[in-house]
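A.B. asks: everything below, folded, please.
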Amino acid sequence: MRFFYVLKKVHWSDCDAAGIVWFPNYLGWFEDAEEEVFRSVLGRPRQGLLDEEKFGMPRVEVSIRFRAPLRAGEIVRIGIGSTLEHPRRLHHRFEMRHVDSGRLVADGFVRVACITLPDFAPRDLPAEVRRMVERLPDFAARQAAGEIEVPWS
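C.D. replies: From the prediction side, this is the model:
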């Protein structure tokens, strides 16, 4: 799977008392990468689409493997690749690599459901989200070729 990447600088406030990134921050950074996919591929923020279509995207499963520590001042590349599991569910794979060494820092996935608001009934993903997932591999390839800038999160 080819990933679409964003860059993130680790700040002191991201770290725990041991001086390494506090583990819940990885989930937030994966979420930031997902937000950049919406902005980059669809040209709009995710929240606008959610409000317009009156749907939600709750996370139903998450898995992270921590491979190496990160410390304040380091820069990482956060990659996201997405697939449709079925019309009502997305599967986002993530990886996080140290920019300088390419060392794998963490990887994992997030499964995302689709619901109507305000009743939380299951529904199919909107066509715009399905198009985004279809277009993501092309955006990742264009980014790898240097045609699209790697955004900062």
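
A.B. asks: in the top helix by length along the chain, which residues are buried?
C.D. replies: In the chain, taking DSSP state H as the definition, the longest helix is helix 127-144. In terms of neighbour count (16 or more other C-beta atoms under 10 Å), helix 127-144 has its buried residues at Val129, Met132, Val133, Leu136, Pro137, Phe139, Ala140, Gln143. Every C-beta, even on glycine, is put in place using the N, C-alpha and C of the backbone.

A.B. asks: likewise stretch 45-53?
C.D. replies: Buried, per 16+ other C-beta under 10 Å, within stretch 45-53: Arg46, Leu49, Leu50, Glu53.

A.B. asks: Gly73: how many residues sit nearby?
C.D. replies: Residues lying near Gly73 (other C-beta atoms under 10 Å) number 10.

A.B. asks: next, it: phi, psi?
C.D. replies: Torsion angles at Gly73 (phi, psi; degrees, to the nearest 10) stand at phi 90, psi -20.

A.B. asks: can you count the residues close to the nearest residue to it once chain neighbours are set aside?
C.D. replies: Distances taken as C-beta to C-beta, 6 or more residues apart in numbering place Val10 nearest to Gly73, at 6.5 Å, with adjacent residues excluded. Val10: 20 surrounding residues under other C-beta under 10 Å.

A.B. asks: please apply the same query to Ala17.
C.D. replies: Neighbour tally, Ala17, other C-beta under 10 Å: 6.

A.B. asks: can I assume it sits in a helix?
C.D. replies: No: according to DSSP: H, G, I helix; E, B strand; the rest coil, Ala17 belongs to no helix; its state is coil.

A.B. asks: which residues touch it?
C.D. replies: By C-beta atoms under 8 Å, 6 or more residues apart in numbering, no residues touch Ala17.

A.B. asks: mind checking how far it is from Ala33?
C.D. replies: Distance check for Ala17 against Ala33: by C-beta to C-beta, to the nearest Å, it reads 27 Å.

A.B. asks: how about Val129?
C.D. replies: Counting by C-beta to C-beta - Val129 and Ala33 are separated by 16 Å.

A.B. asks: which residue ranges form the strands in the chain?
C.D. replies: 4-9, 55-56, 59-66, 75-86, 89-98, 104-113, 115-116 (DSSP state E).

A.B. asks: export those to TSV and tack on mean neighbour count?
C.D. replies: As requested, those are exported to TSV (neighbours: other C-beta atoms under 10 Å):
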stretch	mean neighbour count
strand 4-9	21
strand 55-56	16
strand 59-66	13
strand 75-86	18
strand 89-98	20
strand 104-113	18
strand 115-116	14
